[in-house]
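In: here's my sequence, what's the structure:
(one chain, ligands or ions: 1)
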Amino acid sequence: MKKAIYAGSFDPVTLGHLDIIERASHLVDVLVVAVLENPNKKSLFTVEERKQHLELVTADLPNVEVASFRGLLADFATEIGATVAIRGLRNAIDFASEYQMYLINRKLNHQLETIFLAADEEHLSLSSTNAKEIAVFGGNIDFMVPEQVRPFVVQKYQEMHSV
Ligand code: PNS
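Out: Numbers count the residues shown, from 1 in each chain. Below is the predicted model of the structure:
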């Protein structure tokens, strides 16, 4: 059985992430979408909230599981028996950092292969950071964030503005 891991911050999950998840789910038997618990990074959503968002948007993908992890991706892959890491690539800047990450992960875990999926044209400008920057000013994030997750983003900023 071929198990893959697609790790990330997913703060929030974007349509670009979702496209990679859907496409990767067709390539492997099980895809584990794993939220990194990074106490050093300030995030909009808690890890539990991000997992809930991912569960909502992947509910129709039967071979996709949602998890969270601390520490190294290479170690978590071993723990769950994943032999493939999925990464999305939007541009050459992504490639430069992703290639380094690939080399490091390969050194840390010889069993782990990385598969890069090129982002779809319509997702090239998408990032969680851009989505948050637009949402904080009440802009339209319909083209960035999956429909099910948009209300949570809007609500989060409304809560922040009301305190
Ligand atoms: O969504 P992101 O922030 O681009 O995801 C990056 C992520 C979580 C995949 C990456 O930071 C990661 O794997 N972090 C875990 C720590 C680790 O394994 N570091 C070694 C590779 S440099």
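In: remind me, longest helix of this structure?
Out: The single longest helix within the chain, with elements called by DSSP state H, is helix 92-108.
In: the strands in the chain, which residues?
Out: 3-8, 30-36, 64-69, 84-89, 113-118 (DSSP state E).
In: dump these into TSV; add mean pLDDT and distance to the ligand as well.
Out: C-beta: built from backbone N, CA, C; applies to glycine. Formatted as TSV, the strands of the chain follow (pLDDT from 0 to 100; distance: least, CB to the nearest ligand atom, whole Å):
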stretch	mean pLDDT	distance to the ligand
strand 3-8	98	3
strand 30-36	98	4
strand 64-69	98	8
strand 84-89	98	7
strand 113-118	98	11
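In: now mean neighbour count too, for those, in a markdown table please.
Out: Listed next are the strands of the chain as a markdown table, based on neighbours: other CB atoms under 10 Å:
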| stretch | mean neighbour count |
| --- | --- |
| strand 3-8 | 22 |
| strand 30-36 | 24 |
| strand 64-69 | 18 |
| strand 84-89 | 21 |
| strand 113-118 | 15 |
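In: save the ones you listed as CSV, and put in distance to Leu18 too.
Out: What follows is those, written out as CSV (distance: least, CB to CB, whole Å):
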stretch, distance to Leu18
strand 3-8, 11
strand 30-36, 10
strand 64-69, 10
strand 84-89, 10
strand 113-118, 12
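In: OK, contacts around Thr58?
Out: By CB atoms under 8 Å, 6 or more residues apart in numbering, the contact list for Thr58 reads 18, 21, 33, 64, 66.
In: state the pLDDT value of it.
Out: On the pLDDT scale, Thr58 is placed at 98.
In: roughly how far does it sit from the ligand?
Out: Separation of Thr58 from the ligand (CB to the nearest ligand atom, to the nearest Å): 16 Å.
In: and Ile80, what does it touch?
Out: Shown in contact with Ile80 (CB under 8 Å, 6+ apart): 3, 5, 32, 67.
In: and it, how close does it get to the ligand?
Out: With CB to the nearest ligand atom as the criterion, Ile80 and the ligand are 14 Å apart.
In: what's the answer for Asn38, then?
Out: For Asn38, the distance to the ligand - CB to the nearest ligand atom - is 7 Å.
In: I'd say that residue and Ala7 touch.
Out: No. The criterion here is CB atoms under 8 Å, and Asn38 misses it with Ala7 at 10.9 Å.
In: just for this protein, where's the confidence low?
Out: Within the chain, the ranges that satisfy pLDDT under 70 run 163.
In: for Leu15, which residues are in contact?
Out: Leu15 neighbours (CB under 8 Å, 6+ apart): 123, 126, 143-146.
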